[in-house]
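Asker: How does the following fold in three dimensions:
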Amino acid sequence: MASTRAAAIILVALICGTMYYHPVAAMKVDTTGVAVADGLSFGFYQDTCPFVEHIVEFLVGEAFKKDVGIAPALIRIFFHDCFPQGCDASVLLNGTASEQKEIPNQTLRPTALKLIEDIRAAVHSACGPFVSCADILALATRDSLVDAGGPSYEVALGRRDALAPALPNITNTLPAPFFTVPMLIKSFGDRGLNVTDLVALSGAHSFGIAHCPSFEDRFKNGTDTNPPIEPKLAATLKAKCAGDNPVGTVTQNLDVRTPDKFDNKYYFDLVASQGLFKSDQALILHSATNRTAVRFSLNEGAFFTQFAISMVKMSQMDVLTGTQGEIRNNCAIPNKRVGIETAAGNNDGLAAEM
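Answerer: Predicted coordinates:
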């Protein structure tokens, strides 16, 4: 145990003595206008783990240098964690009732899930079991966004980890790629996010990949392919997905212009009718979202500013703090793996058989 702690101290010293250089100087967004949720603060680990942000930033940076796909994978995991029942790391839990078994989460990247656990192990080795998986995920998501060329913002900390995964009916409230704009507005509105948040957070599709079943309604014969898609792209997708055997093995970049960089080119795609998902393309056509989508296509700074603000808002939804939940010793496993019966009104995470 002593040797492990000594190694961790050496690791922290090396990290703190090494400046990780991001590919491009990040645009720092002031999000002080977003109220900080009760129980969270910017100096939460000042006494228990003062170097936590340095450790997370370094390890995410090292992973990004080996695999740029880690950034969109982390952002997707974060969104899929926060949106259903709050940012409580419940999506990281494995087991028979894991949220990862539900259709929206079946393509979450295992390498990104493992990275979060690897970071937790390094942080706990350096500081002890004081930092939650939920906070590590929030920090890692922000740092990966910066590595990919996106904006930076401060992350208030103090989240706790859910005791159990969300129930399937909660997990499946995640917005689907075939949603219409009115459906999206209601879905986001139900989580306290407005239309501007919707258009900005959709910009996370600026990078990353999708699997054929999620966008085959853009070109498949016998289906309603509206909103319209640029014909050459439709033909390319149709030919590509013809070889999708086994189903779900063929992938396509979400952004046809700069697929590995976080920027505003996603909105260019929409203007050119090259949005991969129906839910994306519809944003440029509907009167409630068109003006914001066009503005983001013309002004990357405006997009970056709003994306950071919307991410901060989402990152504080229904968080567990204080004595709620727990600090997991393994991000994939609750400290006591049991079937949990959660009483009505208990905010420690919804009940589910593990």
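Asker: My read is that Gly158 contacts Asp38, right?
Answerer: No: applying Cβ atoms under 8 Å, one finds Gly158 not in contact with Asp38, separated by 9.4 Å. All C-beta atoms are positioned from the backbone trio N, CA, C, and that covers glycine.
Asker: neighbour count winner among the two?
Answerer: Between Gly158 and Asp38, Gly158 has the larger neighbour count (other Cβ atoms under 10 Å), namely 21 against 11.
Asker: List the residues that contact that one.
Answerer: Residues near Gly158 by Cβ atoms under 8 Å, 6 or more residues apart in numbering: Gly39, Leu40, Ser41, Phe44, Asp135, Val319, Thr321.
Asker: thinking again about what came up before, need the overlap of contacts for Gly158 and Asp38.
Answerer: Taking Cβ under 8 Å, 6+ apart as the contact criterion, the common neighbours of Gly158 and Asp38 are Thr321.
Asker: For PyMOL, write the select line for the buried members of the contacts of Gly158.
Answerer: Applying 16 or more other Cβ atoms under 10 Å to the contacts of Gly158, the buried members can be selected in PyMOL as follows:
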select buried, resi 39+40+44+135+319+321
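Asker: Quick one: mark the members of the contacts of Gly158 that sit in helices.
Answerer: Asp135 (DSSP state H).
Asker: Closest one of the contacts of Gly158 to Gly69?
Answerer: The nearest member of the contacts of Gly158 to Gly69, counting by Cβ to Cβ, is Asp135 at 23.3 Å.
Asker: pLDDT of the longest helix along the chain, averaged?
Answerer: When the chain is parsed with DSSP H, its longest helix is helix 110-127. For helix 110-127, the mean pLDDT works out to 98.
Asker: packing partners for that helix?
Answerer: Identification of packing neighbours for helix 110-127 by 3 or more Cβ pairs under 8 Å, 6 or more residues apart in numbering; DSSP states H and E yields helix 2-16, helix 52-66, helix 70-85, helix 133-147.
Asker: for the ones you listed, which one ends up most surrounded?
Answerer: Each of those was scored by mean neighbour count; the highest is helix 133-147, a mean of 28, by mean count of other Cβ atoms under 10 Å.
Asker: and it, how far out from the chain's middle?
Answerer: Relative to the chain's own centre, helix 133-147 is displaced by 9 Å; criterion: Cα atoms, centre = their mean, to the nearest Å.
Asker: Tell me the helix or strand right after that helix.
Answerer: helix 168-171 (DSSP states H and E).
Asker: So which elements touch that next one?
Answerer: When contacts are defined as 3+ Cβ pairs under 8 Å, 6+ apart, helix 168-171 packs onto helix 70-85.
Asker: Extract the C-alpha set from the helix it packs on and format it as PDB.
Answerer: Extracted C-alpha coordinates of helix 70-85, given in PDB (Å, rounded to 0.1, in the frame of the first residue of the first chain):
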ATOM      1  CA  ILE A  70     -11.800   9.500 -27.200                       C
ATOM      2  CA  ALA A  71     -13.100  13.100 -27.200                       C
ATOM      3  CA  PRO A  72     -16.500  12.600 -28.800                       C
ATOM      4  CA  ALA A  73     -16.800   9.300 -27.000                       C
ATOM      5  CA  LEU A  74     -16.500  11.000 -23.600                       C
ATOM      6  CA  ILE A  75     -18.900  13.800 -24.500                       C
ATOM      7  CA  ARG A  76     -21.500  11.200 -25.600                       C
ATOM      8  CA  ILE A  77     -21.000   9.200 -22.300                       C
ATOM      9  CA  PHE A  78     -21.400  12.500 -20.300                       C
ATOM     10  CA  PHE A  79     -24.600  13.500 -22.200                       C
ATOM     11  CA  HIS A  80     -26.100  10.000 -21.800                       C
ATOM     12  CA  ASP A  81     -25.300  10.100 -18.100                       C
ATOM     13  CA  CYS A  82     -26.700  13.500 -17.300                       C
ATOM     14  CA  PHE A  83     -29.700  13.700 -19.500                       C
ATOM     15  CA  PRO A  84     -31.900  10.800 -18.100                       C
ATOM     16  CA  GLN A  85     -31.600  11.400 -14.300                       C
END
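Asker: That helix relative to helix 110-127, how many degrees between them?
Answerer: Helix 70-85 runs at 90 degrees relative to helix 110-127, counting by axes from the mean of the first three to the mean of the last three Cα atoms, to 10 degrees.
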